[in-house]
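>>> Need the 3D shape of this:
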Amino acid sequence: MTQHDIDDEETEDVPEWADRVNATVAGEVRRRRKEMRWSAQDLADECERLGHPIPRNVIANMESGRRASLPLVDVMVLAAALRTYPICLIFPVGYTDQTQELPFQDLVPTRTALRHFTADKRISGHDPGMLRDFDTHTRLTATALTALAENDDTDEAITAKYELRHLRRRIRERGATPPHLPHTLHDVDVDMHDTDHDPEPGIPADTSPEERL
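Predicted coordinates for the structure are as follows:
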């Protein structure tokens, strides 16, 4: 086999992969629609109600494989109309055992592909953006609120608030906006400009989080 033949085979795999992704979504739209006992017109009406019309004939062509492309915005609206999530149409765990994440790649369990897509499962060299910082923020916020509800002066609450303060500073330094804070934790952001350096001016480096707050 020549290199030209190999290149031709690899090139041919790209539309096949794209067709498989579209077919998976279309199959799930049809399965879910049938599960809800809706006609294609019922689904079209719901899409229109949501503000992004997808005509009945377009839905029928998609489900039958006659529609070559499937825009992301359509997937988002179809999922909402069908009372499910876009990711469940793309990676239908429990209905498709394996899937191909990208062209030229081996099949993997559908749940693994879903976790990669949502950044729930780390891929070496991939940047998860703010997802993990925001997950940590949620955890620290819950810890602080729970501790405060039990005892306003607990070490656990003070430590969580201290970690929240520095996490929020790091998020801002990366050009992002931290999540909203409950009113009871408003003091976490108080005097942020005075805590832009670690250790803080006039405070020894070995000062505990409790003493810093």
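>>> Tell me the gap between stretch 127-134 and the middle of its chain.
10 Å (CA atoms, centre = their mean, to the nearest Å).
>>> what ranges do the helices span in this protein?
3-35, 40-49, 56-64, 72-81, 86-90, 110-117, 131-150, 155-173, 209-212 (DSSP state H).
>>> which residues touch residue 129?
By CB atoms under 8 Å, 6 or more residues apart in numbering, the contact set of residue 129 is residue 119. Where C-beta positions appear, they are placed from N, C-alpha and C, glycine not excepted.
>>> Equivalent analysis for residue 101, please.
Per CB under 8 Å, 6+ apart, neighbours of residue 101: 108, 113, 116, 117.
>>> Tell me how many other residues surround the first one.
Here the number of neighbours of residue 108 (other CB atoms under 10 Å) works out to 14.
>>> one step back: kindly reformat the helices of the chain as CSV containing mean neighbour count.
Below are the helices of the chain laid out as CSV (neighbours: other CB atoms under 10 Å):
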stretch, mean neighbour count
helix 3-35, 14
helix 40-49, 17
helix 56-64, 17
helix 72-81, 18
helix 86-90, 18
helix 110-117, 18
helix 131-150, 15
helix 155-173, 18
helix 209-212, 14
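>>> Compare those and give me the one nearest residue 182.
helix 131-150 (6.5 Å; CB to CB).
>>> how big is the angle separating the closest one from helix 155-173?
150 degrees (axes from the mean of the first three to the mean of the last three CA atoms, to 10 degrees).
>>> who's in contact with residue 168?
Applying CB under 8 Å, 6+ apart, the residues near residue 168 are 137, 178, 188, 189, 192.
>>> Between the helices of the chain, which one is closest to residue 104.
The nearest among the helices of the chain, by CB to CB, is helix 3-35 at 6.0 Å.
>>> any idea of the mean pLDDT for the closest one?
Mean pLDDT, helix 3-35: 78.
>>> Which residue comes closest to the most centrally placed residue in the chain once chain neighbours are left out?
Nearest residue to the geometric centre of the chain (CA atoms, centre = their mean): residue 118, 4.4 Å. In space, and not counting its chain neighbours, residue 118 is closest to residue 87: 6.3 Å by CB to CB, 6 or more residues apart in numbering.
>>> Cross-check the contact I'm expecting between that neighbour and residue 119.
No: in this structure, residue 87 is not within contact of residue 119 by CB atoms under 8 Å, at 11.4 Å.
>>> coming back round to it: which of the contacts of residue 168 has the most neighbours?
Highest count within those by other CB under 10 Å belongs to residue 188, 23 neighbours.
>>> who's in contact with it?
Shown in contact with residue 188 (CB under 8 Å, 6+ apart): 161, 164, 165, 168, 181.
>>> give me that answer again for 10 Å
140-141, 144, 160-168, 178, 181-182, 213 (CB atoms under 10 Å, 6 or more residues apart in numbering).
>>> ditto for residue 148
Residue 148 neighbours (CB under 10 Å, 6+ apart): 154, 156, 157, 158, 160, 161, 182, 184, 185.
>>> So which of these is the closest to residue 97?
Nearest to residue 97, judged by CB to CB, of the contacts of residue 148 is residue 160 at 41.8 Å.
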